[in-house]
Structures are given as structure tokens and as C-alpha cells.
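In: how would this look folded up:
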Amino acid sequence: MARRSSLRSRLMRSLSITFMLLLGPGSSVAQDPLPAKQESKTAESPEAPACKHPVEVLWHKEPQEGPWRMGVSVLNENQQQVAGLDEKDFQVLLDGSPIPVDNEDVFKVQQNKRAFAEQTTGDDETRDQRTTGGLDPVNYDFYIAIDLTASMGESLQIEGQEATRTRLSWVAHGLAELFKSNALFDKKDLVYISGFTSQLETQFMMGSTNDRKALRKGLTRVLEFTPQGTDAALFASMLHNLSNIRAQAARYNNQNEDREAVLVVLSDSFNGMDLAGKKRVSRCADNEELAQSLSETIRSVSDATGDNLKVYILAMGTVGEAGRYTLDGPLNSRCSIRTVQKDVVDARSFEALKTALRSGQGDFIDDPNPFRLLGRMKSQFENLRRAYEVQYPAHTSRPRTFGVRVRVGEDHCEDAMEEAYGFLRQVPATTNRHSPGEVALLLASLIISLFFLPRSLVNLSSGVGSSAPKRRRRKKSKRRRKKP
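Out: Take a look at the predicted model:
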């Protein structure tokens, strides 16, 4: 018996060693940590004086071929982009260290020419030179989803406005103002408008268009629609538009055209339907799983478009707690969507969707005033469209932080994008590692082999070279025949 126990111990040790060798050095059964998301992190310390010209890294792109690029915002005291900066005013920082600029043809700094044109200082010759240079604007495809449930038909008085309109009317007029002039969005920018009640409402426009007359007709049809119902197919509408964006992914990956997709959702409701828009959801907690699934779709579509996707969730209401709805901790199972959506917006779900976005890829904004909501989104586009683009040589190894230091006169400010917990894909490991699924399968096989090995094999192994007693043979008894 002791010999059999010793053999089992040796077998377990052998299996353990085999298991470790198959996994490789430094391996672990646990899954890899989540990849990371880029978040803006200001480089200023609490002790350092505030910069007079705040700097922010808005985005970063790493093409498979060619130099890397980053978008940089440099604001003045009026929160407008500082114009007229060039290469000598910028210094790129990777993991906090300045990069050498060996090739001046690769290191370039450009700004939207519209920002140069608005700069009125300097002589006429300098202004002309600045106006003819700079970066051409990015082109956008807007996919706008409007809440059309009954609450959007309620009257709303906005401070500073004489007229009293419904929420839906304020939204339509705000969108018309946003796209009627070329001050920010021009005729290269396309617009598609849809809506949602408890189902998708796609009858307002045939498809994306840059025709402002067709856009006005679409908005008129929206105004003629009678808001109805209390259950909003908000997530289903987002999924519908994300599917349309995914179908045009090649358009946004085109290196010869700077074009991005922008999904804008305007709503005063909680989501009240499943992702298919077929089944009603009634509990607040039901939206947590749906929001997680939708977040994964946002990440997938962002990857498909080469990160040329922005998502803006504009919630007409305020963030807060009401009834059984809380902002932190597990949600009460008796929290009813229809009850709490009258008082607050679903900040929990919308913040969860926001985590699927990188810095500069959109936002969740809440405000009871639809005009202010659209104005805040517009200001973000103004900063993006008028920001600087810094081009610099690509690096063989990917750093964890992408930063920039900017000099404006005697003022020096800097900012960095830092990898944090989120979804940004990391550089694939160069070591030959097994996937978690393969490791789990291997472990299960070893356990089965160890604990469910046929007993006959164990007995056979224990009997080899030992003095185990042999089994006795039974003597066959012969029956005597009776004599006749």
C-alpha cells in the first residue's frame, strides 16, 4: 500500500512538472489583464502653477505604415484655440521622455486653416500666409437618433427664449441651427436622422445626405411626428446606427479621406426595450447587462472603423438618485424604469457606454436644456476641428504614455494620454503563450487522467517488480459419474 501511495505521489509530481513546462516560464492560468483605454492625464502637479494656456492631447493614431499622429488642443484665456504655433513650439514626449527629431520632414505641426483665418493679429502678409496653410477639416458622417416617446411632447420653457416649445421642437430647431451654416459643419459632412419610440422610426430620411434642403425636410417630418409611448428603444436605435456605420467601415478606414462617423443620441428617457427592440425591459438593473453588451459593440465598431468613431449621448435631464435608483452599488431589484425616468437620467448605463470610448471619441452630457446640450457638443467639435495635428516618426516599441509639451511665449504646458483599464488593444506579446482556453482544456485533461485513471492500470503499475502475491487458481472439481 505504501508503494502504491509513493507511485501516486511521483505521478502527481510528474504531471505538475509537465503542466508547468507546457505553460512556459512566467505563465499563469489566469487570463491576461484587460487591455487598456487611453485617458487624458494632465501632467501638472498640484504644487505647480496652473498653465495660462491649457494643453490637452485629444487623440492619437498609429497607422501600420508611416509616421504617428496626435491631436493637441492649446487654449487661451477665452477657451479658444491659440493660433500660429509651429514645430519649434512642440515637443513630443513618450513615456515622459522627449523624442529626438532627426528628420524635419517627418516632424510636422499643422492647424486647421479656419483657426488661422480667425486670427486677426499680425500684418496682412503674415495673415495671408497663415490662411493658405494648415490642416484641411475632417469630414464627418452624422448619425442622429432622436427620442420620440411621449415625454418629448411635453412643453418646455428655456431661459432667454420667448417661445414655449415641446422638447422635440427644441431639439429639431437646435439641429437646424447646428447644420444651417458652414461655420462648423460644411457640405462635405453628411447627416442621417432616425428616431425611436418603443420601436425604430426610420421614415424621416432615405439615407445620409449633404443636401441641406433634404435635411430640413427630414427635420420637418420629425416635427410632424406625434411623440408616443413610454418605453424607449434607445439601445436598439444605437445598435441600428452602429450597424450602418460598420457597413461603411471601409469608408472610414480610407487613408486618402479624413472622415469619421459620429453617432449622436438625444433622449430624456431610460432605455426601455431589449437590443432587438422587441421585448420590453422594466427593471433598472436589466439595463446593466444590455449596456455592457452595447459597449462591446461600440468597441468592435470602433476597431472596424480604425477608431474613426465618436459617440455622443445627450441626455435631457439631470444626473441623480430617485426612488430605488442609485448611482453606486447594486441596483434594487424593485427599481422601475417607468417610475424613475421621470426624475433622473440613466447615468449608470450612459457612463458604462462612455467607458467604451477613448479620450476624444465622444462624451455623455446631461442638461435639461436641449440647446445647451447641442452647444456643449458643438464646442467639443470646435476644439477638435481647430486643434493642432502633430506628426512624428513612428517607434518600434509602443510606449504607455503619449505626451506633448507646448511653449506659448514664456508659458510651458504639457499633457499626456495614459493607458488605463479599458479597451485599447495592447501590442501582442512576442512570447509563445497558450490561450486561456487551451490552458483550461489541458488542465482538465490532466485532472481527469490523474483521478479517473482505470484502476487496473494502477494495479498493473504497482505490481511490476514487486513481491505482490499471485492470485490462487481454483481447482476444478471433477464430478464422478454414477455407475449404471
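
In: what residues of stretch 53-67 count as buried?
Out: By 16 or more other CB atoms under 10 Å, the buried positions in stretch 53-67 come out as 53-60, 67. C-beta: built from backbone N, CA, C; applies to glycine.

In: end-to-end on it?
Out: 27 Å (CA to CA, to the nearest Å).

In: what's the mean pLDDT across that stretch?
Out: Stretch 53-67 carries an average pLDDT of 83.

In: list the contacts of it.
Out: With contact meaning CB atoms under 8 Å, 6 or more residues apart in numbering, stretch 53-67 is reached by 38, 40, 42, 68-76, 82, 106, 255, 307, 358-361, 383-384, 387, 391-394, 398, 402-406, 408, 411, 413-417.

In: Provide a list of residues in contact with residue 290.
Out: Residue 290 is in contact with 235, 271, 274-275, 281, 349, counting by CB under 8 Å, 6+ apart.

In: mind checking which of those residues land in strands?
Out: Here DSSP state E is the test, and the contacts of residue 290 give no hits in strands at all.

In: return the member of these nearest to residue 341.
Out: The closest of those to residue 341 turns out to be residue 271 (CB to CB; 9.4 Å).

In: that closest one bridge partners, please.
Out: residue 232 (DSSP bridges).

In: pLDDT score for it?
Out: For residue 271, pLDDT reads 97.

In: pretty sure residue 194 sits against residue 207.
Out: No: the criterion here is CB atoms under 8 Å, and residue 194 misses it with residue 207 at 10.5 Å.

In: so the two - more neighbours on which side?
Out: Per other CB atoms under 10 Å, whichever of residue 194 and residue 207 has more neighbours is residue 194, with 21 against 9.

In: can you pull the contacts of the more buried one?
Out: Applying CB under 8 Å, 6+ apart, the residues near residue 194 are 143-146, 200-202, 204-205, 237, 240-241.

In: which is the next helix or strand following the helix or strand it falls within?
Out: If you go by DSSP states H and E, residue 194 is part of strand 190-196. Counting by DSSP H and E, the element after strand 190-196 in chain order, helix or strand, is strand 200-201.

In: next secondary structure element downstream of that following strand?
Out: helix 212-224.

In: what comes up buried for that next one?
Out: 215, 218-219, 221-222.

In: make JSON lines from the residues you listed and add distance to residue 185 and pLDDT to it.
Out: Shown next, in JSON lines, are the buried residues of helix 212-224 (distance: CB to CB, whole Å; pLDDT from 0 to 100):
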{"residue": "215", "distance to residue 185": "11", "pLDDT": "91"}
{"residue": "218", "distance to residue 185": "15", "pLDDT": "95"}
{"residue": "219", "distance to residue 185": "14", "pLDDT": "94"}
{"residue": "221", "distance to residue 185": "20", "pLDDT": "96"}
{"residue": "222", "distance to residue 185": "18", "pLDDT": "96"}
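
In: now render these as CSV, adding distance to residue 170.
Out: Supplementary listing: these in CSV, determined by distance: CB to CB, whole Å:
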residue, distance to residue 170
215, 17
218, 17
219, 12
221, 17
222, 12
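
In: between these, which is nearest residue 161?
Out: Nearest member of those to residue 161, counting by CB to CB, is residue 219, at 18.1 Å.

In: sticking with residue 302, tell me its helix or strand.
Out: Counting by DSSP H and E, residue 302 is part of helix 286-304.

In: one step back: just the buried ones from the contacts of stretch 53-67?
Out: 38, 42, 68-75, 82, 307, 358-361, 383-384, 387, 391-392, 402-406, 408, 413-417.

In: mind checking the SS state of residue 84?
Out: coil (DSSP: H, G, I helix; E, B strand; the rest coil).

In: name the next helix or strand downstream of the helix holding residue 302, please.
Out: Counting by DSSP H and E, the element after helix 286-304 in chain order, helix or strand, is strand 309-315.

In: for the helix or strand following that following strand, enumerate the helices and strands it packs against.
Out: The element immediately downstream of strand 309-315 (helix or strand, assigned by DSSP H and E) is helix 337-340. Contacting helix 337-340 under the criterion 3 or more CB pairs under 8 Å, 6 or more residues apart in numbering; DSSP states H and E is no other helix or strand.

In: ok, and the closest non-adjacent residue to residue 244?
Out: residue 143 (6.5 Å; CB to CB, 6 or more residues apart in numbering).

In: residue 239 now?
Out: Once flanking residues are discounted, residue 239 sits nearest to residue 275: 5.5 Å by CB to CB, 6+ apart.

In: same check, this time on residue 380
Out: residue 363 (6.6 Å).

In: give the contact list for the one you found.
Out: Contacts of residue 363 (CB under 8 Å, 6+ apart): 312-313, 354, 357, 377, 380.

In: turn the buried ones among these into a named ChimeraX selection, would you?
Out: Those of the contacts of residue 363 that count as buried under 16+ other CB under 10 Å are selected in ChimeraX with:
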select :312,313,354,357,377,380
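
In: tell me the pLDDT of residue 452.
Out: Note on residue 452: pLDDT of 55.

In: and if you look at residue 399?
Out: So, for residue 399, pLDDT stands at 87.

In: neighbour count, distance to residue 86 and pLDDT added to the contacts of residue 194, as JSON lines?
Out: Shown next, in JSON lines, are the contacts of residue 194 (neighbours: other CB atoms under 10 Å; distance: CB to CB, whole Å; pLDDT from 0 to 100):
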{"residue": "143", "neighbour count": "25", "distance to residue 86": "36", "pLDDT": "97"}
{"residue": "144", "neighbour count": "26", "distance to residue 86": "37", "pLDDT": "97"}
{"residue": "145", "neighbour count": "26", "distance to residue 86": "41", "pLDDT": "97"}
{"residue": "146", "neighbour count": "25", "distance to residue 86": "43", "pLDDT": "97"}
{"residue": "200", "neighbour count": "18", "distance to residue 86": "49", "pLDDT": "97"}
{"residue": "201", "neighbour count": "20", "distance to residue 86": "49", "pLDDT": "97"}
{"residue": "202", "neighbour count": "17", "distance to residue 86": "47", "pLDDT": "95"}
{"residue": "204", "neighbour count": "20", "distance to residue 86": "45", "pLDDT": "96"}
{"residue": "205", "neighbour count": "19", "distance to residue 86": "43", "pLDDT": "94"}
{"residue": "237", "neighbour count": "29", "distance to residue 86": "44", "pLDDT": "98"}
{"residue": "240", "neighbour count": "18", "distance to residue 86": "44", "pLDDT": "97"}
{"residue": "241", "neighbour count": "22", "distance to residue 86": "39", "pLDDT": "97"}
